[in-house]
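Undergrad: model the structure of this input:
(one chain, ligands or ions: 1)
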Amino acid sequence: MSMSEKIVQHGIEMEALKLEYNKYAAESRAALRLTLTRIENLKEALEMTGQDNPFDLIESRIKTFESVKGKCKTRGYELNIESIRENVKDVAGIRIVTKYIDDVQKLVGLLEKIPGLNIVDKKDYITEPKPNGYSSIHLGCKVEVFTGVDGSKLVPIEIQLRSYSMNLWATLEHDLKYKNENPSPEVTKKFKRIAEFLREFDEEAIALRDYHEISESNLESSTSKENAETIINMV
Ligand code: 0O2
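TA: Numbering: from 1, shown residues only. Here you go, the predicted structure:
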């Protein structure tokens, strides 16, 4: 086969794979919709309690074909639909961002209770951040989707949970990696330092929140004590 024939053949194969991927992406979208509804229901139920809500931001996306191809290439996975189904577990992805770092664990505990979410894998990069400083919790789930044509299927979906500051770090680092695949060691070192600094910031934020909550409850109890004393004096 000549070089130009090979290029044409490759183009035809990629078009065929893209069509298969689009079908798979539709199943992933269905899994994403079901899961988002369950998460929104949980968020609303928590809001009804009137207590501080651990959810701050909920985002979702379906990986583009280009991004899946890139992941297969960098990870050395074969480029066919069976391999994508088997290896790329984050075609459907949800990201939950919390204000405080300890809200992440609270939410994981609640998500674990959602029936039908089927958490099959948990990667805790908060307890053990990646060497570059990346910090989040990734939950690998298998969501049952009924497709009229093929019956029911278990479709993988990844839920990422992280604090505000971890989200800021990951967004900037992702952006930089996108612009420059091989950042210099100096840049990598700086990102690691920023990650450490943000970890301290997260700990301080919890301390401030708890200090504020304790002062508020002291104030409330002293106010109610004063109120009670005023009422007794009036009697
Ligand atoms: P996008 O644009 O978000 O789709 P594995 O078992 O290793 O395959 P793992 O550990 O869950 O799975 O992580 P994986 O597959 O490397 O990355 C999944 C997603 O987590 C990434 O998707 C990122 O969103 C996020 N992520 C993981 N590691 C890093 C990191 O070092 N920096 C940043 N900024 N994000 C990270 P994509 O496909 O990279 O991007």
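Undergrad: ok, now which ones touch Gly93?
TA: The contact partners of Gly93, by C-beta atoms under 8 Å, 6 or more residues apart in numbering, come to Leu32, Ser60, Arg61, Ile62, Lys63, Ile157, Glu158, Ile159, Gln160. Every C-beta, even on glycine, is put in place using the N, C-alpha and C of the backbone.
Undergrad: just the strands in this protein please.
TA: Secondary structure of the chain (DSSP state E): strands at 57-62, 92-98, 119-124, 137-147, 151-163.
Undergrad: list the buried ones in the longest one?
TA: Within strand 151-163, the residues that count as buried by 16 or more other C-beta atoms under 10 Å are Val155, Pro156, Ile157, Glu158, Ile159, Gln160, Leu161, Arg162, Ser163.
Undergrad: same deal with the first one?
TA: Applying a neighbour-count criterion of 16+ other C-beta under 10 Å, the buried positions in strand 57-62 are Ser60, Ile62.
Undergrad: do it and the ligand come into contact?
TA: No - shown here: strand 57-62 not in contact with the ligand (C-beta under 6 Å from any ligand atom), separated by at least 6.8 Å.
Undergrad: send me that strand as CSV with only the CA atoms.
TA: Below are the C-alpha coordinates for strand 57-62, written out as CSV (Å, rounded to 0.1, in the frame of the first residue of the first chain):
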residue,chain,number,x,y,z
LEU,A,57,-20.2,23.8,42.1
ILE,A,58,-21.3,20.8,40.0
GLU,A,59,-19.9,20.5,36.4
SER,A,60,-20.1,17.7,33.9
ARG,A,61,-18.7,16.8,30.5
ILE,A,62,-18.5,14.1,27.9
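Undergrad: quick check: mean pLDDT of it?
TA: The pLDDT scores in strand 57-62 average 97.
Undergrad: packing partners for that strand?
TA: On a contact count with 3 or more C-beta pairs under 8 Å, 6 or more residues apart in numbering; DSSP states H and E, strand 57-62 meets helix 3-48, strand 92-98.
Undergrad: show me which helix or strand of this structure is least confident by mean pLDDT.
TA: Of all the helices and strands that make up the chain, helix 185-234 has the lowest average by mean pLDDT, DSSP states H and E, namely a mean of 75.
Undergrad: pLDDT on stretch 141-160, on average?
TA: Mean predicted lDDT for stretch 141-160 stands at 92.
Undergrad: quick revisit: most tightly packed of the helices and strands packed on strand 57-62?
TA: strand 92-98 (a mean of 22; mean count of other C-beta atoms under 10 Å).
Undergrad: and that strand with strand 151-163, angle?
TA: With axes from the mean of the first three to the mean of the last three C-alpha atoms, to 10 degrees defining the directions, strand 92-98 sits at 30 degrees from strand 151-163.
Undergrad: may I see the buried residues of strand 151-163 organised as CSV, with distance to the ligand added?
TA: Output for these, formatted as CSV (distance: C-beta to the nearest ligand atom, whole Å):
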residue, distance to the ligand
Val155, 16
Pro156, 11
Ile157, 12
Glu158, 6
Ile159, 10
Gln160, 6
Leu161, 11
Arg162, 9
Ser163, 14
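Undergrad: got the residues of the protein near the ligand?
TA: 63, 67, 71, 90, 123, 130, 132, 134, 138, 160, 170, 173-174.
Undergrad: which of the residues you listed fall in helices?
TA: Ser67, Lys71, Ala170, Glu173, His174 (DSSP state H).
Undergrad: tabulate the CA atom coordinates of stretch 143-154 in CSV.
TA: The C-alpha coordinates for stretch 143-154 follow below in CSV (Å, rounded to 0.1, in the frame of the first residue of the first chain):
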residue,chain,number,x,y,z
VAL,A,143,-24.4,3.3,36.3
GLU,A,144,-27.1,1.1,34.8
VAL,A,145,-28.5,2.6,31.6
PHE,A,146,-31.5,1.1,29.8
THR,A,147,-31.1,1.5,26.0
GLY,A,148,-34.2,0.3,24.3
VAL,A,149,-32.1,-1.3,21.6
ASP,A,150,-29.5,-3.3,23.6
GLY,A,151,-31.3,-3.7,27.0
SER,A,152,-29.5,-2.6,30.1
LYS,A,153,-25.8,-1.7,30.3
LEU,A,154,-23.5,-0.7,33.1
